[in-house]
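*Asks:* Give me the fold of what follows.
(chains A and B)
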Amino acid sequence: MTDNTTLFQIDNLEKSFGDNLVLDHISTSVKKGEVIAIIGPSGSGKSTFLRSLNLLEMPTGGTILFEGQNITDKHVNIDKYRQKIGMVFQHFNLFPNLTILRNMTLAPIKLLHMSEQEANEMAMKYLERVGLLEKANAYPSQLSGGQKQRIAIVRALCMNPEVLLFDEPTSALDPEMVGEVLEVIGDLAKQGMTMLIVTHEMGFAKEVASRVLFIDDGRIVEENTPKELFESPKSPRLQEFLAKVL
Amino acid sequence: MNNFIQSFELNFIKDKRYMYLVEGLGNTLLITFFAVILGVLLGFLIAVIRSTHDKTGRMKFLNALCKLYLAVIRGTPAMLQLLIWFYVILVATPFPKVVVAMIAFGINSGAYVAEIVRSGIMSIDNGQFEAGRSLGFSYRQTMLYIILPQAFKNVLPALANEFIVLLKETSVCGYIGIMDLTWGSDIIRSRTYEAFMPLIAAGLIYLIIVMLLTGLVGRLERRLRTSDR
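*Replies:* Residues are numbered from 1 along each chain as shown, chains lettered A, B, ... in the order given. So this is what the prediction gives:
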């Protein structure tokens, strides 16, 4: 599904917290329709990298071009930009005081100025797609972890984003619920959604990703197709990592 | 029993003395009501400024101003503040006494509401902020649509407590010559030379209002808690 439009062009991205350099000159690009898995040991900076793509972390150096526009520029409207970038968190971050339907329609109504009816219809369509139609009027606390994460995904989809970012979407789930969430992400991949996924699910990365980034110590140590990266890792650091997790 | 009836008549019926209580209660409720409104507006504003400063480091000057306000208001007795508003700050203004009391108690209550609401905002998981921002809400919209409704729910019991304290604190209004419920009952005492009836009556009225308020807040809490099942 990949066409050749470049969505992200990232050059020498740098992020430090005080003296601590978390992202060390990261450069890569993301094309439309690509599914990129980001793997690496914890504390390697992979989440920070993902979060800096929608400016939840402000980069301290380098540039991120999104569709040719430098989003780290002061004059860019961050809020407008973020509307195009969906984000799914490890801990779901659903709004506990709102029903599932309201969780999904709040942003489209307030930000895209959809009518309530329009937004509800769209939300119901997505709920049907992830098999949670009957939960429309439930509250987040009444859902299982897997259900919450599926809602978090469709909540992001309701803004009709161009890219979805996943920050360890299955790490907080009970093992038997991982599958239902990965299935939804897999379906999105088939439909051509551009996605960047920070994950520890190597099997899933191998199966769904079109490219895998291995980040260690704030640098992209290796990036390749899943087949190449998992079957013939070149750097010793990646070999060591894979030996531990596979 | 006859004594009781006689005493009741003397203290409340004769010369329509019950009107002291009725008018006093009216003033007490009026002052409390507008002081609560002023206090809530002020309190939310300050809470948002303070927590915005704590979260983002912006609004340094406003934050310093808020801290000064909190220190002064919480560091001095409410009654003294009332006297200062009446005899010093608003002395040359044509405001009626009741309005002076509303301002004094509203500004006083704002400081306490501010800290209550701020604790509510800080208790909301940062993930809620991030979820809001990642959907494209601005900082202000995230506050307004996502954080404050949750914070409000969490601090409702503490807020209700603050309103109850405020209601009773207005009983010092007599010091600037406002006939509130407490002073009204004291006027009756000074006319009839009987303390028991009028003072106990005033006490019962406060008690009933507080109980009604508590019941009302309890219902609101239960309604807001539908999402916690």
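*Asks:* what packs against the one helix or strand residue B:67 maps to?
*Replies:* If you go by DSSP states H and E, residue B:67 is part of helix B:60-75. Using 3 or more C-beta pairs under 8 Å, 6 or more residues apart in numbering or on different chains; DSSP states H and E, the elements in contact with helix B:60-75 are helix B:18-56, helix B:97-123. Heads up, the C-betas are built off the backbone N, CA and C, glycines and all.
*Asks:* angle of it against helix B:97-123?
*Replies:* 120 degrees (axes from the mean of the first three to the mean of the last three C-alpha atoms, to 10 degrees).
*Asks:* buried sites along helix B:60-75?
*Replies:* B:63, B:66, B:69-70, B:73 (16 or more other C-beta atoms under 10 Å in any protein chain shown).
*Asks:* what helices or strands is the worst-scoring helix or strand of chain B on mean pLDDT leaning on?
*Replies:* Least confident helix or strand of chain B, by mean pLDDT, DSSP states H and E, is helix B:2-8 with a mean of 88. Judged by 3+ C-beta pairs under 8 Å, 6+ apart, the packing partners of helix B:2-8 are helix B:196-224.
*Asks:* Could you figure out how far the helix it packs on is turned away from helix B:18-56?
*Replies:* Going by the same axes, to 10 degrees, helix B:196-224 makes 40 degrees with helix B:18-56.
*Asks:* Which elements pack onto helix B:196-224?
*Replies:* helix B:2-8, helix B:18-56, helix B:148-169, helix B:181-192.
*Asks:* try 7 Å this time
*Replies:* When contacts are defined as 3 or more C-beta pairs under 7 Å, 6 or more residues apart in numbering or on different chains; DSSP states H and E, helix B:196-224 packs onto helix B:18-56, helix B:148-169, helix B:181-192.
*Asks:* Would you mind telling me which of those helices is nearest chain A?
*Replies:* Closest to chain A of the helices and strands packed on helix B:196-224, according to C-beta to the nearest C-beta: helix B:148-169, at 5.2 Å.
*Asks:* Only the buried residues of stretch B:39-49, if you could.
*Replies:* B:39-40, B:42-49.
*Asks:* And the strands in chain A, which stretches?
*Replies:* Using DSSP state E, the strands found in chain A span residues A:6-17, A:20-31, A:35-39, A:61-66, A:69-70, A:85-88, A:163-167, A:194-198, A:211-216, A:219-224.
*Asks:* and those strands as CSV, adding distance to chain B, mean pLDDT and mean neighbour count?
*Replies:* Shown next, in CSV, are those (distance: least, C-beta to the nearest C-beta, whole Å; pLDDT from 0 to 100; neighbours: other C-beta atoms under 10 Å in any protein chain shown):
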stretch, distance to chain B, mean pLDDT, mean neighbour count
strand A:6-17, 14, 94, 17
strand A:20-31, 17, 94, 17
strand A:35-39, 17, 97, 25
strand A:61-66, 14, 94, 18
strand A:69-70, 16, 93, 12
strand A:85-88, 4, 96, 26
strand A:163-167, 8, 97, 23
strand A:194-198, 13, 97, 25
strand A:211-216, 21, 96, 23
strand A:219-224, 23, 94, 18
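*Asks:* Tell me where the model's unsure across chain A.
*Replies:* A:1-3 (pLDDT under 70).
*Asks:* residue furthest from the geometric center of it?
*Replies:* residue A:117 (28.3 Å; C-alpha atoms, centre = their mean).
*Asks:* what's the spacing between it and residue A:42?
*Replies:* Computed with C-beta to C-beta, to the nearest Å, the distance linking residue A:117 and residue A:42 is 45 Å.
*Asks:* which other residues reach stretch A:163-179?
*Replies:* Stretch A:163-179 is contacted from outside by A:7, A:47, A:50-51, A:53-54, A:85-91, A:144-146, A:149, A:156, A:181-182, A:185, A:188, A:193-201, using C-beta atoms under 7 Å, 6 or more residues apart in numbering or on different chains.
*Asks:* just to revisit the earlier point, if I look at the residue farthest from the centre of chain A, how far off is chain B?
*Replies:* Look at residue A:117 and chain B: by C-beta to the nearest C-beta, to the nearest Å, they are 20 Å apart.
*Asks:* and residue B:104, how many residues sit next to it?
*Replies:* Using other C-beta atoms under 10 Å in any protein chain shown, the number of residues around residue B:104 comes to 28.
*Asks:* Correct me if wrong: it contacts residue B:81.
*Replies:* Yes: using C-beta atoms under 7 Å, residue B:104 is in contact with residue B:81, at 5.5 Å.
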